[in-house]
Structures are given as structure tokens and as C-alpha cells.
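Asks: Mind looking at a prediction? Sequence and model below.
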Amino acid sequence: MTKANDIEMVRLGGMTSAEQEQYEKNKIEINKKVSSLITEAAKNAKLGHCILCQKPCSSFCNSHSIPQFALRRIAEDGNVMLPLQDELLTIGKHTGVNKAGTFHTICRECDSRVFQLYENPNTYNSKPTDQMLAQIALKDILLMISNRNQEREQYKLVGAQAEFLRGFAEEKIYWGNCDLRDYGEKLEYAKRSLDNQKTNRYYLCFYDLLDYVVPYAAQSSITLISDFEDNVVNNIYSQKQGYRIKDIHVAVFPLKSTSAILLFIEDGVTRYRKFYRSLRKLTKEDQLAAINYLVFSYTENVFMNPTTHKELKKNGSFMDMCRKSTDFRSQTPFPLDDPLEVAVKEFSLSKRNEIPNLLSREYAL
């Protein structure tokens, strides 16, 4: 863990040898409990209607948060790998393409109708259109809403079952509700954009079509903490009522013989201006290194080619980068240090060349 006085940034996965030993002794029982909690939370989080059309719905579409054409391109024997696949309980040894990054909040009709453009690999031979960007953003937001709804139900169960974790669970539920408020606003923005309302558009910060196939697929909205000069972009710990988090959308889509890489934001958002202007001044290789860093340090919605994953598991710096989180622990109830300052150092883009750049030609499939 990275430590600054009385604040430690929490890492995902990565059990100590003692924790691993304890887990192995009680593996079956622990897996059953975790699996049961996740199943019950998913049941409690299930909606009675489609988020998009609002029609009553009892059977939701198995929506993919990354287009299947991208996942299939990097799969081996129908399987892909999460970066922390081996470190997450109940996740399994691999993930089938049909189950990779799926969520269930919209009906089949909406899923097949709304996302046709961006889920067609042939549309990436030229710069993505406004409609494609709106569709990508909408899919990102739907995934985040689904995740937060389920996480909220998980924390409710944790708080009810473990008294000593009740305060922690209540805090996570509070922040999750704040996220859902923000995502609800972003959902409406994306829906209006799809309806061709001129006041709701997206600005393409970066687009490149590489002439080789990269070994992973990713799609997500991420909350950038700081830019290339470590200036704050989003104060992720702000408790001000009127403060709104502004995301940037990132997508890495491996195609038949090329790869599409793109970054975009809501039109009119100024806080990312220094970031994307600095990005454009970098060499192409450094641009790709920066985007590669954003993917593996900020989002979990990334799936890797199994052979590449096997090779990268041996790289300690890479695996540690994938374990980053914005959660923190404090040695005191009221931290003397500013967690935002610690997070800026933790996620600094100056670290982008400390891990292998999987977007470079060196790692092409």
C-alpha cells in the first residue's frame, strides 16, 4: 500500500501469504458465503422495468458492456481474462465471452435497437459519429447504474450480517447513492443526445485506428483524478451538495486487423481541457502509454487475451497497477492528510511508463 502519514490507499485483491493460507483452509465455505451474498444482492437489485423505455420487464437482456466483436477477437477457446481474474473470489479461472462484462437492466428490444451503430465493427474505419459516441456513453452509464445498484444491496446485506462492518457499509451506501444521482443525470443527457438534441453532444478528445490488433478490449467511463501536471480534474472526495463528478469515456476495441482507440467527454465540460491538450502534444507511443495506464489503473471493465494475461501476471508492477482503488484507510477517525492529495500521487500520469504498454505494436496479436 502507498502510505502518506496517516492515510493508506486500499488495494484490490492481492491477498497476503497468511490471508491466502487462511482462505485455502476455508475455501469452500468462504466461496459459498460470498456467492450467496452476491446472488441475493443481485435478486434484490433487480428492477421491474427497463431503464430505457420504462416498460415493465421481468426478463432482461444479457447486455454486454464491451461489444462481443471485440471480445471474440482476443478470446482463446471462447474465453477472456480479467486482469485480477485469479485474485477475485468466486470469479473462476476464466470468463467466457458470453458472460464477460454483462449486466441486466434493459429489455431485449432496447438492447437490439439502441446500440446498432457502435456495435458494428465496420463503423470504425472512420472517425466515430455523434450517435456512436452517445451509444457508447449510454452503455457505460447503464453498466455503472447496474453496478452501483447491486453494490448497494451487497452493502445492505453486509451491514445487516456483520455489526462491526455496519458503519463502513452505511458509508459505502451513501457514496453509492451519490453516484446513482450523478449517473441518473448522465443517463438523461445520453438519452437526449441519441434523440439528436443539439444541446447534448459529446466531444471526441482522441481517436486513432491502429494498424494492428491489441491484446485487450476495454470500455468504461472513468473519473480522472488529475491531469499530466497533477492538477486536480475531479475532487472524488468532495461532499459539497452541488459538486458534480465529470467522467471521460475510454474505449479500446480490437478489430479484425486493426484496433480503435477513443476518448471522449460531454460537450462543454472544461475541466478535461488541459488533459486532452497535453495528450495531443505527446508522441503517438506516449499517447498510447497514457491511455493504457488509464485503462488498467482506473477501470475494471477490461478483458485480456489469455496468453497475454499469463505473461503479464509475472510482472509485479503491472499487477500492482491493476489493484489500484480510490478507497483509503486512515489511522485516525479524522485524517490529518488530504486524501485527494494522496490519490493524486497514487494515480499520477507520470507513472504511465512504469508498466508495459499493451497498446504498443510489441504486444500485438
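Replies: Alright, I've got the coordinates.
Asks: Name the nearest residue to Asp247, sequence neighbours excluded.
Replies: The shortest distance from Asp247 to any non-neighbouring residue, by CB to CB, 6 or more residues apart in numbering, is to Ser221 (4.0 Å). Yep, even glycine has a C-beta here, placed from its N, CA and C like the rest.
Asks: Next: Cys110.
Replies: Setting aside the residues directly before and after it, Cys110 is nearest to Leu52 in space (CB to CB, 6+ apart), at 4.4 Å.
Asks: List the contacts of that neighbour.
Replies: Counting by CB atoms under 8 Å, 6 or more residues apart in numbering, Leu52 touches Ile106, Cys107, Cys110, Val114, Leu142, Lys191.
Asks: Which secondary structure state does it sit in?
Replies: Using DSSP: H, G, I helix; E, B strand; the rest coil, the structure places Leu52 in coil.
Asks: can you give me the helices for the protein?
Replies: Counting by DSSP state H, the chain has helices at residues 17-25, 27-45, 68-74, 108-114, 130-161, 166-194, 273-281, 284-298, 306-312, 316-322, 339-346.
Asks: which helices and strands sit right next to the fifth one?
Replies: Secondary-structure packing of helix 130-161 (3 or more CB pairs under 8 Å, 6 or more residues apart in numbering; DSSP states H and E): helix 27-45, strand 102-103, helix 166-194, strand 202-210, strand 216-222, strand 248-254, strand 259-266.
Asks: partners of the fifth one, with directions?
Replies: Which is strand 216-222. Here strand 216-222 is paired, per DSSP bridges, with strand 248-254 (antiparallel), strand 302-304 (antiparallel).
Asks: Specify the angle between it and helix 166-194 in degrees.
Replies: Relative orientation of strand 216-222 versus helix 166-194 (axes from the mean of the first three to the mean of the last three CA atoms, to 10 degrees): 100 degrees.
Asks: go on, the first one?
Replies: Per the same axes, to 10 degrees, the angle that helix 27-45 makes with helix 166-194 is 50 degrees.
Asks: centroid residue for the protein?
Replies: Thr299 (3.1 Å; CA atoms, centre = their mean).
Asks: Report the rounded mean pLDDT for stretch 318-330.
Replies: Throughout stretch 318-330, pLDDT has a mean value of 87.
Asks: what does stretch 74-82 give?
Replies: In this model, stretch 74-82 carries a mean pLDDT of 96.
Asks: now Val252, nearest residue through space, not along the chain?
Replies: Ala218 (4.4 Å).
Asks: so the one you found touches Val250, yeah?
Replies: Yes: counting by CB atoms under 8 Å, Val250 is a contact partner of Ala218 at 6.7 Å.
Asks: tell me, what's touching the two both at once?
Replies: Joint contacts of Ala218 and Val250 (CB under 8 Å, 6+ apart) are Val295, Thr299.
Asks: what pairs with Asp208 across the strands?
Replies: Beta-bridge partners, per DSSP bridges, of Asp208: Ile261.
Asks: residue contacts, it?
Replies: Asp208 is in contact with Ala260, Ile261, Leu262, Lys284, Gln287, Leu288, counting by CB under 8 Å, 6+ apart.
Asks: what's around the fifth one, how many residues?
Replies: The number of residues packed around Gln287, counting by other CB atoms under 10 Å, is 19.
Asks: which one is it nearest to, not counting chain neighbours?
Replies: Once flanking residues are discounted, Gln287 sits nearest to Leu279: 5.9 Å by CB to CB, 6+ apart.
Asks: quick one, what contacts that neighbour?
Replies: Applying CB under 8 Å, 6+ apart to Leu279 gives the contacts Cys205, Phe206, Phe228, Leu263, Gln287, Ala290.
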